[in-house]
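Undergrad: Below are the sequence and a predicted model; questions follow.
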Amino acid sequence: MHNHPTPKFSVITVTYNAASVLEDTIQSVISQTYHHVEYIIVDGASKDGTLSIVDRYRDRITRVVSEPDRGLYDAMNKGICLATGDYLCFLNAGDSFHEDDTLQQMVHTLTSLTELPDVIYGETALVDKEGHFIRMRRLQAPEVLTWRSFKQGMLVCHQAFFAKRSLAEPYDLQYRFSADFDWCIRVMKKARTLHNTHLTIIDYLEEGMTTQNRKASLRERFRIMARHYGWISTTAYHAWFVIRAVLKK
């Protein structure tokens, strides 16, 4: 690969009644110093002021779709269909790139490679609604990432996981809460090269999931892990998680 790679990033933001948090996300994308970016917003026919915020920045947004959908992952599938970039990035409303030059820094880490990697990944910082740093994400990105890494959980936040569009399949809509977990594993199974940027890429808005949704998400993750890693292995890992939690008390 030449010394100055210029991959195109398709940044996809899925929204529904997100007026209170969307503007910071949009500004984060359009302020990037790296310019090989297309920005796609897929809205689920919001009824609040989401679309008026989008209209304010319409000339900086590549595609806008606003129509009813079958949920978050259905909207993300629409984003994949609209994307034309080399890499996909799913940046939820409320989340932001860590710095204005985050994408530029990411691309700079590719200069020593002989070809564009199949997956680019990094770290995630948790922030509050004012964008103030809370802490780094508890699960840290491993030095070397493979599809087997997610046996230990989702070690890389979905927003900090950039997959080549050519590897991306649709999200599996049988999963309501954890289809991104399954999607990342499927991408990694096909990937040959996964590149650790060693950068903090995303500021993730920490908004606690309800207990009911958290339990449903964990049940889905167990099913996904069993599907990819086998029931015996998955059950053994979860048994160890329980034992470790008890020992820490």
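TA: That came in fine, so what should we check first?
Undergrad: Quick check: phi and psi at residue 191.
TA: With angles defined as degrees, to the nearest 10, residue 191 sits at phi -80, psi 140.
Undergrad: Next, count neighbours for the nearest residue to it once chain neighbours are set aside.
TA: With sequence-adjacent residues excluded and distances taken as Cβ to Cβ, 6 or more residues apart in numbering, residue 191 is closest to residue 118, at 3.6 Å. Backbone N, C-alpha and C define where each C-beta goes, glycine included. Here the number of neighbours of residue 118 (other Cβ atoms under 10 Å) works out to 19.
Undergrad: Next: the one 10 residues further on.
TA: The number of residues packed around residue 128, counting by other Cβ under 10 Å, is 11.
Undergrad: Residue 47 now?
TA: Residue 47: 10 neighbours (other Cβ under 10 Å).
Undergrad: And residue 161, by the same measure?
TA: Around residue 161 there are 27 residues (other Cβ under 10 Å).
Undergrad: Enumerate the beta-bridge partners assigned to it.
TA: For residue 161, the beta-bridge partners under DSSP bridges are residue 121.
Undergrad: any idea how far residue 38 is from it?
TA: 18 Å (Cβ to Cβ, to the nearest Å).
Undergrad: Ramachandran angles for residue 42?
TA: According to degrees, to the nearest 10, residue 42 has phi -120, psi 110.
Undergrad: wait, it sits on residue 81?
TA: No - in this structure, residue 42 is not within contact of residue 81 by Cβ atoms under 8 Å, at 9.7 Å.
Undergrad: Give me the most central residue, this structure.
TA: Taking Cα atoms, centre = their mean, the centroid of the chain lies closest to residue 159, which sits 2.2 Å from it.
Undergrad: Can you classify that one by secondary structure?
TA: Secondary structure, DSSP: H, G, I helix; E, B strand; the rest coil: residue 159 is helix.
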